[in-house]
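Enquirer: no sequence for this one, just the structure:
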């Protein structure tokens, strides 16, 4: 038996992805639609020994050419002709959702309607007569609950049935005499002039749909008609009819067609849906009264953000500690079994040290993404956009929607920048991309954690918190400056749906977290692995030089550039080297210090080996010096681990004293400020390049952030000196 | 009057959408078009509004709401 090809379509937030995840589990593939920055999700599953291939179309309100998501969806329906389209509908919101359904019917799509969230609809007092609706539309209507298995079998049964005998839906639509007549008029001309020409792929779509789209002034369809070379008469007539609409209705043809669609839907709804006389107040409304309250909204938002970071670090730190121990053990084991030598140094210092130093942060990053996914899936992030809009408008001139990418930026700038896709206006989108990197991402945290533990042990939390706030303040200032200069002009109009609150499913949140977290893992596996090797090589060459000493290539580069940073308080070559590598990926700053000082003060190469052979020595020393760092560190350090932590940077006494020689508390703070603000990491720049499709923006982002970082650090350091710190 | 000035919990009908082109289309796709019946759920000045449209909730910017004209609807 052939496999059935189905597509999932529907408005945003109707539970499409939940259904997709339920069906395909982890057998899904996430990529991009060819030539577009729109995510494409595909997967397969079995039903009755039949293979079903499913594509999750982007969530849309419509099938115009308004956004890339809509074009992708309709091109897929027209060109790929899936056997069945499952239209997921939020039952509580059926009237608005049917607008998309009707447009898919215009395309002649073979539909099955899946009514989701019926419990919520009932709570609102809606009674939907599925049988009636199904008869009126000529397609099966099935009640499901995407979060559990309710209706799942019935839905699949109907998909299989409909795939064999498609429904004819075109003649179900009734748009009133006026609109129908004109559509027919154009249809006839298209049939006479163009339709013989089967080379034009678009004409797989029903002619009535093409006529309708022409009346709606759809730029893509007009272009295709023009390209066919035979469209003069068609387009001429379209213009005439559009003028006629303007004269008769005092509104454009577009509006008349919208009205006709909503009119048809109103008819459907009045016959198949019973609404309560008085709107019931839902639980969602009750929660919103508090969460979006004029005065309570912002404090609630701040508390939720604070909790997010609390949860992340309370859970993530100990887990990171285990990974740290794991790598330390691995390094020792490898070193012990291979003996000392060049290759050992390469594997232990270069690869295990470099990549391990970064993988320690994987738990924190994944947990942060998990919490953010839960916030998103529950519907809270949309409320955050609402609450922050007032604030963003006044200060920055961006609307609240831009705030979501900024929040994601706290996890990692890469998904943050990708999330700017939801902003329709290009100016707002580019502006948001330029400020997202100032949100202190989780990769920068290890740098703060290290320096704050060494220099500000008593005020560690506050020091780190101040850096997060500084990032936000700089982002706001820069956004305000950009808005008055390069992105002058009106900001995009703001309209978005406020989905009802929902209890997020574990599966959905985990898949969500995984998709984003994997981006970081890929970076760690490729870029950071490669960089660790480069750092190691540059630190070991020229041959014969002491590893990571000032005579190595690394040391020489650092020494040459160091004077540039002297006015900022960190003119030492080691600090400069870390800044250079940090550009490649910010978490590398810590592993660079790790590699540079991994050798310890004696600098004889292969520390791991040396210290591994001498555990009591480090253990004893650690106890005194570590005490202060450990008591407040809140990081990873249980008593029982102490003996095994020779290679953990924050715990190594030799390392700590080396760092203490390098910085004063003031210069350490200036250094953290610099790390926070300077050039976004390579992966971020690559994402900006991909999303803007130009090298101009990443180049600009790199240049301006460097200047900002230099200036702010300079002010912090010199100002601090004046104040006598 | 403009939507931005409407009182909370009052049933309204849109009489004119003073936006052009793409945004007008976008609004109509989301349910805000001439003759559609809506209700303001939240109107805290300053800041965006929350509007009930056919049972769903939309956030709309204050600037955008100023260009949408509404009248009381007591059908």
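Expert: Noted; the coordinates are in hand. Bear in mind the structure is a predicted one, so any value in this text is a computation, not a measurement.

Enquirer: packing partners for the helix or strand harbouring residue A:255?
Expert: If you go by DSSP states H and E, residue A:255 is part of helix A:253-272. Secondary-structure packing of helix A:253-272 (3 or more CB pairs under 8 Å, 6 or more residues apart in numbering or on different chains; DSSP states H and E): helix A:94-106, helix A:130-137, helix A:176-193, helix A:207-215, helix A:232-249, helix B:21-29. Quick note: C-beta positions are derived from backbone N, CA and C, even for glycine.

Enquirer: 10 Å instead?
Expert: Under the contact definition 3 or more CB pairs under 10 Å, 6 or more residues apart in numbering or on different chains; DSSP states H and E, helix A:253-272 sits against helix A:94-106, strand A:127-128, helix A:130-137, helix A:176-193, helix A:207-215, helix A:232-249, helix B:21-29.

Enquirer: is chain A contacted by the helix or strand of chain B with the lowest mean pLDDT?
Expert: Lowest on mean pLDDT, DSSP states H and E among the helices and strands of chain B sits helix B:21-29, with a mean of 84. Yes. Shown here: helix B:21-29 in contact with chain A (CB under 10 Å from any CB of the partner chain) through B:21-29.

Enquirer: give me the buried entries from those.
Expert: Buried subset of these (neighbour count, 16 or more other CB atoms under 10 Å in any protein chain shown): B:23-29.

Enquirer: how about the helices in the stretch 301-450 of chain A?
Expert: Listed in chain order, the helices of the stretch 301-450 of chain A (DSSP state H, counting those that start in this stretch) span residues A:342-345, A:353-359, A:362-378, A:380-395, A:403-409, A:413-418, A:426-435, A:445-455.

Enquirer: actually chain B, sorry about that
Expert: Counting by DSSP state H, chain B has helices at residues B:21-29, B:62-65.

Enquirer: can I get the ones you listed in a markdown table with distance to residue A:277?
Expert: Below are the helices of chain B laid out as a markdown table (distance: least, CB to CB, whole Å):
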| stretch | distance to residue A:277 |
| --- | --- |
| helix B:21-29 | 27 |
| helix B:62-65 | 27 |
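
Enquirer: before we move on, back to that, which of the residues in the helix holding residue A:255 are buried?
Expert: By 16+ other CB under 10 Å, the buried positions in helix A:253-272 come out as A:253-262, A:264-265, A:268-269, A:272.

Enquirer: any idea how far residue A:134 is from residue A:239?
Expert: 39 Å (CB to CB, to the nearest Å).

Enquirer: just residue A:277 next, same as before
Expert: Per CB to CB, residue A:277 is found 26 Å from residue A:134.

Enquirer: compare these two (neighbour count), which wins?
Expert: Shown here are residue A:277 and residue A:134; by other CB atoms under 10 Å in any protein chain shown, residue A:134 has more neighbours (17 against 6).

Enquirer: which residues does that one contact?
Expert: Residues near residue A:134 by CB atoms under 10 Å, 6 or more residues apart in numbering or on different chains: A:112-113, A:140-142, A:158, A:272.

Enquirer: which pair in those residues spans the largest distance?
Expert: Longest distance between any two of the contacts of residue A:134 is 17.8 Å, between A:158 and A:272; criterion CB to CB.

Enquirer: thinking again about what came up before, rebuild the residues of helix B:21-29 next to chain A as JSON lines, extending it with distance to residue A:517.
Expert: Putting those into JSON lines (distance: CB to CB, whole Å) gives the following:
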{"residue": "B:21", "distance to residue A:517": "40"}
{"residue": "B:22", "distance to residue A:517": "35"}
{"residue": "B:23", "distance to residue A:517": "36"}
{"residue": "B:24", "distance to residue A:517": "40"}
{"residue": "B:25", "distance to residue A:517": "37"}
{"residue": "B:26", "distance to residue A:517": "33"}
{"residue": "B:27", "distance to residue A:517": "36"}
{"residue": "B:28", "distance to residue A:517": "39"}
{"residue": "B:29", "distance to residue A:517": "34"}
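
Enquirer: can you give the strand pairings for the longest strand along chain A, parallel or anti for each?
Expert: Longest strand of chain A, by residue count under DSSP state E: strand A:39-47. Using DSSP bridges, the strands paired with strand A:39-47 are strand A:28-32 (antiparallel), strand A:50-56 (antiparallel).

Enquirer: up against chain B, what does the stretch 301-450 of chain A have?
Expert: Going by CB under 10 Å from any CB, the residues of the stretch 301-450 of chain A near chain B are A:382-383, A:385-391, A:393-394, A:399-401, A:424-425.

Enquirer: and those residues, which are buried?
Expert: Neighbour-count burial within these applies to A:382-383, A:385-391, A:393, A:399-401, A:424-425; the criterion is 16+ other CB under 10 Å.

Enquirer: so how far is stretch A:433-450 off the chain centroid?
Expert: Put simply, stretch A:433-450 sits 16 Å off its chain's centre (CA atoms, centre = their mean, to the nearest Å).

Enquirer: so for that stretch, mean pLDDT?
Expert: Over the span of stretch A:433-450, the pLDDT mean works out to 87.

Enquirer: that one: end-to-end distance?
Expert: 28 Å (CA to CA, to the nearest Å).

Enquirer: just how off-centre is stretch A:209-219 within its chain?
Expert: 34 Å.

Enquirer: could I get the buried residue list for that stretch?
Expert: Result for stretch A:209-219 [16+ other CB under 10 Å]: buried residues A:209-218.

Enquirer: which of these lies closest to chain B?
Expert: The nearest member of those to chain B, counting by CB to the nearest CB, is residue A:216 at 8.3 Å.

Enquirer: next one, pLDDT for the nearest residue to the closest one once chain neighbours are set aside please.
Expert: Residue nearest to residue A:216 in three dimensions, not counting chain neighbours: residue A:254, with 5.2 Å by CB to CB, 6 or more residues apart in numbering or on different chains. We have a pLDDT of 84 for residue A:254.
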